[in-house]
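Chemist: from the sequence below, what's the structure:
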Amino acid sequence: FERFCAELVDAICLPEKDIRKDDLTGETFIESLNKSNLFAISLDHENRWFRFHHLFHDLLRNEMKERIDPDRIKQLNLLASDWFQDHQMIEEAIEFALKGGDPALAADILEQRRTNILNQDDWKLLGKWLSMIPEEHVQNRLPLLLANAWVAKQSFRLVEMMAYLQRCLEIMGDPPERTLYYGEWCFLTGWMKTYLEGDPPASLSLLNQALDLIPEKPMGMLRSELELQTGITGYMAKSDEAVQKFEKRLSEANMVRGVLWERLIFGKATISLLNGSLGESYHAAKPLNEYCQNIGNPFLEGWSAWF
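Modeler: Presented below is the predicted three-dimensional model:
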């Protein structure tokens, strides 16, 4: 382990709720290390997390490989993965599931957390976690294929995005079941039809289907992004109904600053720009720029500054 704490040591080395009085617990283990000065380095002010000096760490790892059966080492790694997952340390949970020889478990862990990380709007972190999962354990999992498509979209890796969407369509079948995942596929495919194929009316049809299938809870960030895209595409498709819905949602969102407000203001600035109204675009984006500076959202801050 690159780092450890008393609770993690207990979870791996002692059977649950079976600690005898004379057992060496995680707490007494760390106390012993400190007293013996055995190269344990504290990583925080609370003295909760520790690591070994890297040379001592390498020595212990080599000793473990020589003395402990490989299957037992895998079991210990899987126990660590469970502990990290229980404590919401997802990257470590995925890492130790893979070390434990269970890539399917690693994929399960990420799949279960997919909605949370999408709502955090942290595409870089999602991409990092996805890159840890072997590709063969992604290709038949619709939620992870879509997650990869979202990351590819945000990174403008459009050929890769289209390949993931094509694989999604193969899994969903024809006709696809109208589920949340189909709604996400409609959203991403509609986005491509707007900006890559130049077909706003076809895009608007797909985006409206996505609106029916992607709920505001628990998909708050994706829903707000969808409403932004539907408004812009509706304007481009010259759809009075879509523009009116967008304006109504914008007036409602003005009451509460948050993710939906951010996206709709961005959409208003974009529509004004497409309409050739540079002054309106500037004034629409100004409060968004000030807001994003305060909350620390560099992505939207950069776009709003551009307007």
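Chemist: the strands in the stretch 1-150 of the chain, which residues?
Modeler: Ranges of strands within the stretch 1-150 of the chain are 40-42, 50-52, based on DSSP state E, counting those that start in this stretch.
Chemist: out of the ones you listed, which gets nearest to Ser281?
Modeler: Taking Cβ to Cβ as the measure, the strands of the stretch 1-150 of the chain were each checked against Ser281, and strand 50-52 came out nearest at 51.3 Å. To be clear about C-beta, it is placed using only N, CA and C from the backbone, and glycine gets the same treatment.
Chemist: ok, and for the closest one, which residues are buried?
Modeler: 50-52 (16 or more other Cβ atoms under 10 Å).
Chemist: cool, and stretch 214-222?
Modeler: Residues 214, 219-222 are the ones in stretch 214-222 that count as buried (16+ other Cβ under 10 Å).
Chemist: residues touching Gly231, list them.
Modeler: Going by Cβ atoms under 8 Å, 6 or more residues apart in numbering, Gly231 touches 242-243, 245-246, 249-250, 264, 267-268, 271.
Chemist: do Phe246 as well
Modeler: By Cβ under 8 Å, 6+ apart, the residues touching Phe246 are 227, 230-231, 234-235, 264, 267, 271.
Chemist: host element of it?
Modeler: Per DSSP states H and E, Phe246 falls inside helix 240-253.
Chemist: show the subsequent helix or strand relative to that helix.
Modeler: By DSSP H and E, the next helix or strand past helix 240-253 is helix 259-274.
Chemist: residues near Cys186, how many?
Modeler: Residues lying near Cys186 (other Cβ atoms under 10 Å) number 24.
Chemist: would you agree it is in contact with Ser203?
Modeler: No: Cys186 sits out of contact with Ser203 when judged by Cβ atoms under 8 Å, with a separation of 9.6 Å.
Chemist: flag every buried residue along stretch 295-307.
Modeler: 297, 300-301, 303-304, 307.
Chemist: equivalent analysis for stretch 197-216, please.
Modeler: In terms of neighbour count (16+ other Cβ under 10 Å), stretch 197-216 has its buried residues at 199-200, 202-204, 206-211, 213-214.
Chemist: the closest residue to Arg223 other than its chain neighbours: what secondary structure?
Modeler: Nearest residue to Arg223, sequence neighbours excluded (Cβ to Cβ, 6 or more residues apart in numbering): Glu216, at 4.6 Å. In three-state terms, and counting by DSSP: H, G, I helix; E, B strand; the rest coil, Glu216 is coil.
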